[in-house]
Structures are given as structure tokens and as C-alpha cells.
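S.K.: Predicted model and sequence below, questions to follow.
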Amino acid sequence: MFEGEFTDEGDLCTFEVLVQRFAVKDKALVEIGRIVHDLDLKEAKFKRPETAGISALLEGIAASHKPDEARLDRGSALFDDLYEYFRRK
């Protein structure tokens, strides 16, 4: 977010900045951060196999749900489930 308290820094996306700033050691969040990084910065630095699927799901959410609240609800559920997947791995 422009002029937000947290934003991209160097080669880190905002999600990675938050994980780093708050010294989060949760491996599941680190893995999600790698996916978010490549999606947000439109690059393939981490080449996570899940990235293309997550991208497609997010595009589907955006296309199917116009209100921001609905998009946030669906996206939050998606990332909650993704977190659980990585947590159990």
C-alpha cells in the first residue's frame, strides 16, 4: 500500500517484510510467503509448484466475487487452507 506502514522493501514483498519484521519462525508462513512473493512481484524467484494453482484460484475469486468483502472472505479461507497444508507437511 502506498505510504503504508508496511510495504515492499528491496526484493521482499510486503508479506515477507511482515514475516521478517515480526521474526515469525513458522515454516508454513515462510512457504506461503514464497508463493505470495512470486505472485505479488510477478516473478519466479521461488518456483513453488503451488503458485500457478493459487494464482488461478485468486483470479477465479476476483472474477466471481465483485464486493471486496466477499473477495477477502474467499481469499482468507483459501490461504487458511493453504496454511494448514504447509503446517502438516
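M.R.: Received, thanks. Numbers count the residues shown, from 1 in each chain.
S.K.: Moving along the chain from the helix or strand of the chain with the lowest mean pLDDT, name the first helix or strand you hit.
M.R.: Every helix and strand of the chain was ranked by mean pLDDT, DSSP states H and E. The lowest is helix 14-21, at a mean of 95. Counting by DSSP states H and E, the next helix or strand C-terminal to helix 14-21 is helix 27-40.
S.K.: so how far is that next one from its chain's centroid?
M.R.: Relative to its chain's centre, helix 27-40 lies at 5 Å (Cα atoms, centre = their mean, to the nearest Å).
S.K.: Show me what the least confident helix or strand of the chain packs onto, helices and strands only.
M.R.: helix 27-40 (3 or more Cβ pairs under 8 Å, 6 or more residues apart in numbering; DSSP states H and E). In this view, the C-beta of every residue, glycine as well, is placed from N, C-alpha and C.
S.K.: and the longest helix for the protein?
M.R.: helix 68-88 (DSSP state H).
S.K.: Any buried residues in it, and which?
M.R.: Buried residues in helix 68-88, defined by neighbour count with 16 or more other Cβ atoms under 10 Å: 74, 79, 82, 86.
S.K.: Closest to the mean position in the chain, which residue would that be?
M.R.: Most central in the chain under Cα atoms, centre = their mean is Val36, positioned 3.4 Å from the mean C-alpha point.
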